[in-house]
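1. Build the 3D model from these lines:
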Amino acid sequence: MRATLARMQTRLHDTPHLLRLGRLFSETVLLEVDGAEFYLTFRDGRLEGIAEGPSRKTPWRFAFRTDADALAQFWQPIPKPGFHDLFGLVKIGRGRIDGDILALVKNLRFFKEFMALARDTTGAEELA
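-> This next block holds a predicted model:
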């Protein structure tokens, strides 16, 4: 998971439109996958740090919690219905959002597109 997050960090810094979308986003987000915690610290839309938890001392604004299988399906080039979106995962019971929902909603497109950066979109056109 750590390597995937590092790849997402690199892709984020190489995606100008996403950096523009997140330019006002400076928060720490908890990503929990199968109980493993990752604290993602964003500053002005850039992922500045990835810290592994658990930690009771690291404050976070909102959390997205899911399981590894659901996240793997979300990261498919063309995900199945329900796995195509973070709120889709919540709706089918495979994800949960906690904390300050307003902070998420205000930066929803940025965070959704950031989470989708791990998708391998090469060859996705042929699958459609």
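
2. can you tell me how far the residue lying closest to residue 13 once chain neighbours are set aside sits from residue 20?
-> Excluding the flanking residues, the one nearest residue 13 by CB to CB, 6 or more residues apart in numbering is residue 46, at 6.3 Å. Yep, even glycine has a C-beta here, placed from its N, CA and C like the rest. Plainly put, residue 46 is 12 Å away from residue 20 if you go by CB to CB, to the nearest Å.

3. Next: residue 47.
-> 15 Å.

4. Same question for residue 4.
-> 24 Å.

5. Neighbour count for residue 46 and residue 20, which is higher?
-> Each of residue 46 and residue 20 had its neighbours counted (other CB atoms under 10 Å), and the higher figure belongs to residue 46 (17 against 11).

6. what's the longest helix in this protein?
-> Using DSSP state H, we find that the single longest helix of the chain is helix 2-13.

7. buried sites along it?
-> 5, 8-9, 11-12 (16 or more other CB atoms under 10 Å).

8. After that helix, which helix or strand is next?
-> Toward the C-terminal end, the helix or strand that comes next after helix 2-13 (DSSP states H and E) is helix 16-21.

9. Just checking the distance from stretch 96-115 to the centre of its chain.
-> 9 Å (CA atoms, centre = their mean, to the nearest Å).

10. what's in contact with that stretch?
-> 8, 12, 18, 21-22, 24-25, 27, 29-30, 45, 47, 60-66, 74, 85-86, 90 (CB atoms under 8 Å, 6 or more residues apart in numbering).

11. Recalculate using a threshold of 7 Å.
-> 8, 12, 18, 21-22, 25, 27, 45, 60-65, 85-86, 90 (CB atoms under 7 Å, 6 or more residues apart in numbering).

12. Mark which of these are part of helices, please.
-> 8, 12, 18, 21, 86, 90.

13. what's the third one in contact with, if anything?
-> Yep, that's residue 18 we're talking about. So residue 18 contacts 12, 110, 113-114 (CB under 7 Å, 6+ apart).

14. Kind regards, and thank you for your time.
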